[in-house]
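Enquirer: predicted coordinates and the sequence they were generated for:
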Amino acid sequence: RRPSGPASFRGMSAIVLYENTDVDRVLAQVQQVNPDVLLLQEYTKRWHADADARLRNSFPFVADRSVLGSDGVAVYSKLPIVGRARLLDLGDPHRLQTRAVVRVGGRDIAVYDIHLTVAVKPVGHVEQRRQVPELVKVLEHEQLPMIVAGDMNFTETSRHHAAIAGVGLRSGWDEVGRGRGSTWARRGLPEWLPGLRLDHVFLSPGITVDGMRIGARNGSDHRPIYADLRLR
């Protein structure tokens, strides 16, 4: 059910997977969910070439940070993006994170599109342990109501999740989600097998979450996550 009112909006975050070629399936899912703000991760130059013109039909405001590899991100919005989006330096210049200011009902909110390093190998653990404290520093200085969302590559029971919550942010899924909220499962496994919640939506006190959902698989190894939100 779509949110209503000038201060209500729907956000969606999806890691498209840089090697996923099923652009039509992903865009059909975006059209079905019909978000006001869309955050994409692993958004490559190829994805941009295939999807940008079609996305702009619905999302006139864009902050594109696509790259050749898997480290790109993008923000597509039906709501005005105020000023220029800012890249965040979390210690890895190749993995992009971005902050955009979106105007909702005449008020500005900061939207963070985050894609942290996957912590499978030891080098990934080390890099993620560097990124999270840097992200916490950035969030501690944020003056606007904020949404921090994307592929965090950590679970809800990790110390990193607790560190983000320690800034005063709440997990939208923990507030209103039902079930495990699993967003990641290795491709090729049955749909019913449980996975891990690696994608998150964190909210500052000025933003209320009315509902959260996990989308179906779309060719990526991550399912999209979307939330119905409103400003208090």
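Expert: Thanks, I have the structure now.

Enquirer: per-residue pLDDT, the spatially most central residue of the chain?
Expert: Nearest residue to the geometric centre of the chain (CA atoms, centre = their mean): Gly150, 2.6 Å. pLDDT recorded at Gly150 is 97.

Enquirer: residues in contact with it?
Expert: Ser13, Ile15, Leu39, Gln41, Val73, Tyr112, Asp113, Ile114, His115, Asp199, His200 (CB atoms under 8 Å, 6 or more residues apart in numbering). For the C-beta atoms, the positions are set from N, CA and C on the backbone; glycine is no exception.

Enquirer: can you point me to the longest helix in this protein?
Expert: Across the chain, the longest stretch assigned as helix under DSSP state H is helix 122-140.

Enquirer: which of the residues in it are buried?
Expert: Glu127, Gln128, Gln131, Val132, Leu135, Val138, Leu139 (16 or more other CB atoms under 10 Å).

Enquirer: hmm, back to that, most neighbours of all the contacts of Gly150, which one?
Expert: Greatest neighbour count in the contacts of Gly150, by other CB atoms under 10 Å, goes to Leu39: 33 neighbours.

Enquirer: part of a strand, is that one?
Expert: Yes - membership of Leu39 in a strand is supported by DSSP: H, G, I helix; E, B strand; the rest coil.

Enquirer: my read: it touches Ala85, true?
Expert: No - if you go by CB atoms under 8 Å, Leu39 and Ala85 don't touch, sitting 11.4 Å apart.

Enquirer: tell me, what's touching those two both at once?
Expert: Common contact partners of Leu39 and Ala85 (CB under 8 Å, 6+ apart): Val75.

Enquirer: what stretches of the chain score poorly on pLDDT?
Expert: Within the chain, the segments meeting pLDDT under 70 span 1, 185-194.

Enquirer: and the buried residues of helix 122-140 as JSON lines, adding distance to Val167?
Expert: What follows is those, written out as JSON lines (distance: CB to CB, whole Å):
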{"residue": "Glu127", "distance to Val167": "20"}
{"residue": "Gln128", "distance to Val167": "17"}
{"residue": "Gln131", "distance to Val167": "15"}
{"residue": "Val132", "distance to Val167": "11"}
{"residue": "Leu135", "distance to Val167": "9"}
{"residue": "Val138", "distance to Val167": "9"}
{"residue": "Leu139", "distance to Val167": "5"}
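
Enquirer: from those residues, pick the one nearest Val120.
Expert: Of all the buried residues of helix 122-140, Val120 sits closest to Gln128, with 10.1 Å by CB to CB.

Enquirer: pretty sure that closest one contacts Val120?
Expert: No - here Gln128 lies out of contact with Val120, judged by CB under 8 Å, at a distance of 10.1 Å.

Enquirer: the chain: strands as residue ranges?
Expert: Taking DSSP state E to define them, one finds strands in the chain at 8-15, 37-41, 61-65, 73-77, 81-87, 98-104, 107-115, 146-151, 170-171, 199-203, 207-214, 225-231.

Enquirer: between strand 98-104 and the fifth one, find me the angle.
Expert: Angle between the axes of strand 81-87 and strand 98-104 is 160 degrees (criterion: axes from the mean of the first three to the mean of the last three CA atoms, to 10 degrees).

Enquirer: what of the third one?
Expert: Computed by the same axes, to 10 degrees, the angle separating strand 61-65 from strand 98-104 equals 170 degrees.

Enquirer: strand 61-65 vs strand 37-41, what angle?
Expert: Using the same axes, to 10 degrees: strand 61-65 against strand 37-41 is 10 degrees.
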